[in-house]
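**Student:** Here you go, sequence then predicted model.
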Amino acid sequence: LVLILDYGSQYTHLITRRIRQLSVLSLCISGTAPLSAITALSPKAVILSGGPHSVHLPSAPSFPDGFLSYVQENGVHVLGICYGMQLLVQKLGGVVDVGEKQEYGKMEIEVQKESALYAADEVGGHQTVWMSHGDEAVKLPPGFEVVARSTQGAVAGIEDRKRHFYGLQYHPEVTHSTKGMETLHRFLFDVCGLSADWKMQDVLEEEIKTIHSMVGPNDHVICALSGGVDSTVAATLVHKAIGDRLHCVFVDNGLLRYKERERVMSTFESDLHLPVTCIDASEQFLTALKDKEDPEMKRKIIGREFIAVFDDFARNLEKQLGKRPEFLVQGTLYPDVIESCPPPGSGRTHSHTIKSHHNVGGLPKDMKLKLIEPLKLLFKDEVRKLGSILNVPESFLKRHPFPGPGLAVRVIGDVTKGDALDTLRQADEIFVQAIKDAGLYDEIWQAFAVFPSVASIGVQGDQRTHAYVVALRAITSEDGMTADWYYFDHKFLIAVSNKITNSVKAVNRVVLDITSKPPATVEWE
Ligand code: XMP
């Protein structure tokens, strides 16, 4: 296991992913977690992430007391990246100062020595790397040597092989660092002696074991299926573990896409052979959402109503089974967990939580069901791999993600106002169908229409109209944590815009969202 201590860099999750791509399990916890949280995981290696702080600030986040002796006593290898390297230098008795020149973006480094991190044939060679730092190490702690420098002269790579400490001033995890993966590969396998043995099959077996240890032989479990990748894979996995003691429910919350209920129900039955009860709770959700404008409030209400529906479903099952189901399966993924628990030093605190994803942050405190979250350590692409081991059909695995709160996060403000939801459904269907017809669905991470609840003046058939604006959003992404907007061909956009304004009565204007994440989020609310 490689443990990443997070000091708030925007690339921390990328380090976690890169290491997993090399078939080594990596987990990420807060950089200020107590020593017991670190020792409990018995990591073979620890990576200290980058972060936005300067080590000189009194509030600069740091590893706990006792960390340095723990790693030395246990032969744990420590790699500091950027802020993590500076922290290591400072705490071990070196000096970090404001650099003469700040280095941001693509830079060159020169490898100066054969070392743990660089092979002999790399010595004297240059590598393009991604830097982002103001401070730099000006005096190394005893036992350390410089193994690479930036062409501007700053220390870029250091090591103390005897004590197993290593540092990189640049970000090897970013693709712009052309040899970054090779360096991480050397660190994991040659330096730390780890083996590439983290496989999806093992994850599956581990999760089944965990479910068996949580759920007794007479316990029953319920699962809300949305028809998306996550809940479908989670349900299939739990079904494999406990068979028909899993009871699935599909809730029509009135916030689904065009014909989604019919489509999803028929696929569950024919492809997945999972018994699913369909509950129409649309009135209940829409009544609770009436006149509600605030995005966080809407999410909380939806979370609350979902739980109320599940509680009801469980009560009904209790009557049938003579025993109340005690567990609820959720398809929570690792990015949801990371985004809902921002690390200290990230500039985000709990009060700055970007959004409370309803399957993590928005659950009511008095919820009576215990959670089973078999995917909570996985990224989306890993869930897809797990799904294919479980024989979940490709059509499911390739579906674009759809948020738990559904169209409520795509209608700005009050979702119940006028015909907002229906208008959005029609425009969304045209857009997504056009993407499928053009063969673009698989290269786009997520595509959907948004209803900004704004009316504009138009002219249709020589008539002045005052009708709604629809926005189109399509993004590419690796894991939903960062995203870029998708560059459509103009002809495609013209055709979609025409089709929407010609066939969706309430719409007279179509706009395209050309914002990446950050600064925007994927969803509008
Ligand atoms: P944001 O909008 O936070 O979205 O950039 C990142 C990814 O997460 C999805 N999303 C959600 N998924 N419950 C979910 O299950 C939610 O509350 C939620 N909010 C956003 C979003 O569609 C995108 O894929």
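**Tutor:** Done, it's in. Everything quoted here is computed from the prediction, not taken from an experiment.
**Student:** Quick check, the residue in the stretch 201-350 of the chain closest to the ligand?
**Tutor:** Distance from the ligand to each residue of the stretch 201-350 of the chain (C-beta to the nearest ligand atom) is smallest for Arg299, at 6.0 Å. To be clear about C-beta, it is placed using only N, CA and C from the backbone, and glycine gets the same treatment.
**Student:** Okay, buried residues for the one helix or strand that residue maps to please.
**Tutor:** When elements are assigned from DSSP states H and E, Arg299 belongs to helix 295-321. Of the residues in helix 295-321, those buried under the neighbour-count criterion (16 or more other C-beta atoms under 10 Å) are 295, 298-307, 309-311, 313-314, 317.
**Student:** Which other helices and strands does that helix contact?
**Tutor:** With contacts defined as 3 or more C-beta pairs under 8 Å, 6 or more residues apart in numbering; DSSP states H and E, helix 295-321 has these neighbours: strand 221-224, strand 246-252, strand 276-280, helix 282-289.
**Student:** Now mean neighbour count too, for the ones you listed, in TSV please.
**Tutor:** Below are those laid out as TSV (neighbours: other C-beta atoms under 10 Å):
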stretch	mean neighbour count
strand 221-224	24
strand 246-252	22
strand 276-280	15
helix 282-289	17
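**Student:** Would you reformat the ones you listed as JSON lines and include mean pLDDT and distance to Arg263?
**Tutor:** Output for the helices and strands packed on helix 295-321, formatted as JSON lines (pLDDT from 0 to 100; distance: least, C-beta to C-beta, whole Å):
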{"stretch": "strand 221-224", "mean pLDDT": "91", "distance to Arg263": "17"}
{"stretch": "strand 246-252", "mean pLDDT": "94", "distance to Arg263": "11"}
{"stretch": "strand 276-280", "mean pLDDT": "96", "distance to Arg263": "12"}
{"stretch": "helix 282-289", "mean pLDDT": "98", "distance to Arg263": "16"}
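**Student:** can you list these in TSV and add distance to Ala156?
**Tutor:** Output for the helices and strands packed on helix 295-321, formatted as TSV (distance: least, C-beta to C-beta, whole Å):
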stretch	distance to Ala156
strand 221-224	49
strand 246-252	52
strand 276-280	55
helix 282-289	53
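**Student:** In TSV, list those along with distance to the ligand.
**Tutor:** What follows is the helices and strands packed on helix 295-321, written out as TSV (distance: least, C-beta to the nearest ligand atom, whole Å):
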stretch	distance to the ligand
strand 221-224	11
strand 246-252	13
strand 276-280	19
helix 282-289	14
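**Student:** And for the residue nearest to Val454 when sequence neighbours are not counted, the neighbour number?
**Tutor:** Spatial nearest neighbour of Val454, excluding adjacent residues (C-beta to C-beta, 6 or more residues apart in numbering): Val469 at 4.8 Å. Neighbours of Val469 under the rule other C-beta atoms under 10 Å: 17.
**Student:** What residues are bridge-paired with Val469?
**Tutor:** Counting by DSSP bridges, Val469 forms beta bridges with Arg509.
**Student:** about what we covered before: looking at the helices and strands packed on helix 295-321, which is closest to Leu184?
**Tutor:** When the helices and strands packed on helix 295-321 are compared for distance to Leu184 using C-beta to C-beta, the nearest one is strand 221-224, at 36.7 Å.
**Student:** what separates the closest one from the chain centre, distance-wise?
**Tutor:** Between the centre of strand 221-224 and the centre of its host chain there is 23 Å, according to C-alpha atoms, centre = their mean, to the nearest Å.
**Student:** How about stretch 379-394?
**Tutor:** With C-alpha atoms, centre = their mean as the basis, the distance from the averaged C-alpha position of stretch 379-394 to the chain average is 16 Å.
**Student:** Now find how far off-centre the helix holding Arg299 is within its chain.
**Tutor:** How far helix 295-321 lies from its chain's middle: 25 Å, per C-alpha atoms, centre = their mean.
**Student:** Check which strands are paired with the following helix or strand past it and give the direction for each one.
**Tutor:** The element immediately downstream of helix 295-321 (helix or strand, assigned by DSSP H and E) is strand 327-329. According to DSSP bridges, strand 327-329 forms sheet pairs with strand 221-224 (parallel), strand 370-372 (parallel).
**Student:** Do strand 327-329 and the ligand come into contact?
**Tutor:** No. Strand 327-329 stays clear of the ligand (C-beta under 6 Å from any ligand atom), getting no nearer than 13.6 Å.
**Student:** Which helix or strand in the chain has the lowest average pLDDT?
**Tutor:** Within the chain, no helix or strand scores below helix 334-340, which has a mean of 69 by mean pLDDT, DSSP states H and E.
**Student:** related to what we said a few turns ago, which residues sit in contact with the residue nearest to Val454?
**Tutor:** The contact partners of Val469, by C-beta atoms under 8 Å, 6 or more residues apart in numbering, come to Pro452, Val454, Ala455, Ser456, Val507, Asn508, Arg509, Val510, Val511.
**Student:** average model confidence for stretch 23-43?
**Tutor:** Averaging the model's pLDDT scores along stretch 23-43 yields 95.
**Student:** Now it - C-alpha only, PDB.
**Tutor:** The C-alpha atoms that make up stretch 23-43 are tabulated as PDB, following Å, rounded to 0.1, in the frame of the first residue of the first chain:
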ATOM      1  CA  SER A  23      -1.200  -1.800 -10.300                       C
ATOM      2  CA  VAL A  24      -0.300  -0.800  -6.700                       C
ATOM      3  CA  LEU A  25      -3.000   0.100  -4.300                       C
ATOM      4  CA  SER A  26      -2.800   3.700  -3.100                       C
ATOM      5  CA  LEU A  27      -5.000   5.600  -0.600                       C
ATOM      6  CA  CYS A  28      -5.100   9.200   0.200                       C
ATOM      7  CA  ILE A  29      -5.700  10.800   3.600                       C
ATOM      8  CA  SER A  30      -5.400  14.300   5.000                       C
ATOM      9  CA  GLY A  31      -1.800  15.400   5.400                       C
ATOM     10  CA  THR A  32      -2.500  16.300   9.000                       C
ATOM     11  CA  ALA A  33      -4.100  13.000  10.000                       C
ATOM     12  CA  PRO A  34      -2.900  11.600  13.300                       C
ATOM     13  CA  LEU A  35       0.000   9.200  13.400                       C
ATOM     14  CA  SER A  36      -2.400   6.400  14.400                       C
ATOM     15  CA  ALA A  37      -4.300   6.800  11.000                       C
ATOM     16  CA  ILE A  38      -1.000   6.300   9.200                       C
ATOM     17  CA  THR A  39       0.300   3.400  11.200                       C
ATOM     18  CA  ALA A  40      -3.100   1.600  11.000                       C
ATOM     19  CA  LEU A  41      -2.600   1.300   7.300                       C
ATOM     20  CA  SER A  42       1.100   0.100   7.500                       C
ATOM     21  CA  PRO A  43       2.100   1.700   4.200                       C
END
